[in-house]
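Student: Need coordinates for the below:
(one chain, ligands or ions: 1)
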Amino acid sequence: MTKLRNDTLIRALLRQPTEYTPVWLMRQAGRYLPEYNQTRARAGDFLSLCKNPDFATEVTMQPLARFPLDAAILFSDILTIPDAMGLGLYFAEGEGPRFERPLREEWEIRSLAVPDPDVHLRYVIDAVSQIRKALNDQVPLIGFSGSPFTLACYMIEGCGGTDFRQVKTMLYQRPDLLHHILDVNAQAVTTYLNAQIEAGAQAVMIFDTWGGVLSHAAYLEFSLQYMTQIIAGLRREHEGARIPNIIFTKGGGLWLEKMVSSQCDAIGLDWTIDIGEARRRVNDQVALQGNLDPAILFASSDTITAEVEKVLASYSHGPGHVFNLGHGISQFTPPENTLTLVNAVHTLSRKYHTD
Ligand code: CP3
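Tutor: Predicted coordinates for the structure are as follows:
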């Protein structure tokens with residue numbers, strides 16, 4: 001059984017009563033923290049940081065030492081899966097992720113194989129166990145993966161920041177090939193997330209950063225369908241505790257009702273949708289995570305506090321809300337503003353959790 005001292009996040013994801021609204025932040029460990037930059041310099045670069053469980057544990061714990069967050073998130077990257085498939089991930093300084101061998105030829109696509117997490121992603125699984133030890137049941141640990149479609153975008157384009165020309169050409173020209181990649185990715189993500197759960201992840205999140213660039217019909221067929229397949233294959237319990245899952249499609253506010261039918265426990269929202277409206281649309285069938293605009297963290301503490309109150313008031317009374325940003329925290333965020341945000345959520349949310 002779970003002996004978590006603070007299980008507020010887990011209860012909120014399962015829409016059970018809590019005393020206040022739990023909060024964690026996407027990219028809570030990262031470049032806005034000077035101590036992260038120091039550890040990264042010691043590791044040499046970002047990938048060496050991810051691939052060394054001691055360093056990954058150290059940076060996962062850093063934001064928790066500064067802020068009273070209600071969860072830790074595994075420090076890693078979504079692109080570990082295509083790297084383990086042999087595509088050769090690297091980060092060009094200041095340019096984001098790139099692959100040495102993006103998928104170009106049909107034979108390369110046909111020979112993709114599902115990596116064995118205990119072999120090819122051992123460093124992630126080891127990091128999960130080590131982080132659980134370091135956390136000592138203080139707060140839950142969230143594991144994560146990219147969505148099959150978002151991973152496919154990077155695997156086909158070979159880098160980020162593109163117009164999605166190659167992946168969309170394949171989608172309309174050779175949908176059979178894209179479906180093959182997505183099918184392998186969905187199996188890889190399911191196996192990977194289950195291995196994270198077995199190693200100690202207490203909730204899991206699927207990041208679908210690029211599903212929002214698809215048309216309505218294409219989103220359902222090429223992104224949501226595969227996330228639904230993953231959810232059906234995920235372990236729902238481990239050592240007597242429920243392991244809730246969260247799906248997050250950036251720009252996914254259009255598809256909330258469809259996302260509910262994936263059988264997920266929670267939906268992550270970006271900042272473009274009103275969370276109260278989202279709650280009415282999902283009809284309290286799932287929990288909601290979000291959705292402050294990360295740019296609000298550049299404003300004054302009074303503005304941050306007022307904007308936190310707006311999100312809490314819009315969600316309103318009762319369980320099922322996990323406070324977060326609508327996307328990752330910016331590297332230019334002053335750390336003290338993050339503290340203002342976390343404290344504001346804890347203080348201001350209590351009134352929404354009284355009977
Ligand atoms: O939330 C957390 O604290 C956990 C860590 C985490 C990272 N990446 C660390 C990271 C998570 C959950 C991710 C997910 C991820 N990675 C996504 C999905 C979420 C999203 O942002 O939409 C995507 C698309 C990636 C791929 C990726 N990794 C990109 C596009 C970049 C460059 C972005 C940038 O800000 O420069 C990365 C690098 C990366 N991943 C960094 C961190 C802390 C910055 C690397 C550095 O230290 O230089």
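
Student: the helices in the stretch 101-250 of the chain, which residues?
Tutor: 106-110, 117-120, 122-135, 148-157, 165-173, 175-199, 216-218, 225-233 (DSSP state H, counting those that start in this stretch).

Student: closest to Thr209 out of these?
Tutor: helix 148-157 (4.8 Å; C-beta to C-beta). Using the backbone N, CA and C atoms, a C-beta is placed for each residue, glycine as well.

Student: Which secondary structure elements does the closest one sit against?
Tutor: Under the contact definition 3 or more C-beta pairs under 8 Å, 6 or more residues apart in numbering; DSSP states H and E, helix 148-157 sits against helix 80-82, strand 96-99, helix 165-173, helix 175-199, strand 203-208, helix 225-233.

Student: TSV please, covering these and showing distance to the ligand.
Tutor: Output for these, formatted as TSV (distance: least, C-beta to the nearest ligand atom, whole Å):
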stretch	distance to the ligand
helix 80-82	9
strand 96-99	4
helix 165-173	14
helix 175-199	12
strand 203-208	4
helix 225-233	14
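
Student: Just put those in JSON lines and tack on mean neighbour count.
Tutor: Converted to JSON lines, the helices and strands packed on helix 148-157 look like this (neighbours: other C-beta atoms under 10 Å):
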{"stretch": "helix 80-82", "mean neighbour count": "26"}
{"stretch": "strand 96-99", "mean neighbour count": "18"}
{"stretch": "helix 165-173", "mean neighbour count": "15"}
{"stretch": "helix 175-199", "mean neighbour count": "21"}
{"stretch": "strand 203-208", "mean neighbour count": "25"}
{"stretch": "helix 225-233", "mean neighbour count": "19"}
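
Student: a markdown table please, covering these and showing mean pLDDT.
Tutor: Listed next are the helices and strands packed on helix 148-157 as a markdown table, based on pLDDT from 0 to 100:
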| stretch | mean pLDDT |
| --- | --- |
| helix 80-82 | 98 |
| strand 96-99 | 94 |
| helix 165-173 | 97 |
| helix 175-199 | 98 |
| strand 203-208 | 98 |
| helix 225-233 | 98 |
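
Student: Ser301: which of these is closest?
Tutor: Smallest distance to Ser301 across these (C-beta to C-beta): 28.4 Å, for strand 203-208.

Student: Might one say that Ser301 is in contact with Thr340?
Tutor: Yes - the criterion here is C-beta atoms under 8 Å, and Ser301 meets it with Thr340 at 4.5 Å.

Student: out of the two, which sits in the busier spot?
Tutor: Thr340 (20 against 14; other C-beta atoms under 10 Å).

Student: Export only the CA atoms of the helix or strand harbouring the more buried one, formatted as PDB.
Tutor: Assigned by DSSP states H and E, Thr340 falls within helix 335-349. C-alpha atoms of helix 335-349 as PDB (Å, rounded to 0.1, in the frame of the first residue of the first chain):
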ATOM      1  CA  PRO A 335      12.500  31.300  -9.400                       C
ATOM      2  CA  GLU A 336      10.900  33.500  -6.700                       C
ATOM      3  CA  ASN A 337       7.800  33.900  -8.900                       C
ATOM      4  CA  THR A 338       7.400  30.100  -8.900                       C
ATOM      5  CA  LEU A 339       7.400  30.200  -5.100                       C
ATOM      6  CA  THR A 340       4.700  32.900  -5.300                       C
ATOM      7  CA  LEU A 341       2.600  30.700  -7.600                       C
ATOM      8  CA  VAL A 342       2.900  27.500  -5.500                       C
ATOM      9  CA  ASN A 343       2.100  29.300  -2.200                       C
ATOM     10  CA  ALA A 344      -0.900  31.100  -3.900                       C
ATOM     11  CA  VAL A 345      -2.300  27.800  -5.100                       C
ATOM     12  CA  HIS A 346      -2.100  26.200  -1.700                       C
ATOM     13  CA  THR A 347      -3.500  29.200   0.200                       C
ATOM     14  CA  LEU A 348      -6.200  30.300  -2.200                       C
ATOM     15  CA  SER A 349      -7.500  26.900  -3.100                       C
END
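
Student: tell me what that helix is packed against?
Tutor: For helix 335-349, where contacts count as 3+ C-beta pairs under 8 Å, 6+ apart, the packed elements are helix 53-66, helix 301-315.

Student: Repeat the analysis, applying 7 Å as the threshold.
Tutor: helix 301-315 (3 or more C-beta pairs under 7 Å, 6 or more residues apart in numbering; DSSP states H and E).

Student: Give me the buried positions along the helix it packs on.
Tutor: For helix 301-315, burial by neighbour count (16 or more other C-beta atoms under 10 Å) applies to Ile304, Thr305, Glu307, Val308, Val311, Leu312, Tyr315.

Student: Same question for stretch 14-25.
Tutor: Under 16+ other C-beta under 10 Å, the buried positions of stretch 14-25 are Leu14, Arg15, Thr18, Tyr20, Thr21, Pro22, Val23, Trp24, Leu25.

Student: for stretch 126-145, same thing?
Tutor: Those would be 126-132, 135, 139-145, for stretch 126-145 by 16+ other C-beta under 10 Å.

Student: Likewise for stretch 290-297?
Tutor: Quick answer for stretch 290-297 (16+ other C-beta under 10 Å): Gly290, Asn291, Leu292, Asp293, Pro294, Ile296, Leu297.

Student: and if you look at stretch 40-57?
Tutor: Using 16+ other C-beta under 10 Å as the burial criterion, the residues of stretch 40-57 that qualify are Arg40, Ala43, Phe46, Leu47, Leu49, Cys50, Lys51, Asn52, Pro53, Phe55, Ala56, Thr57.
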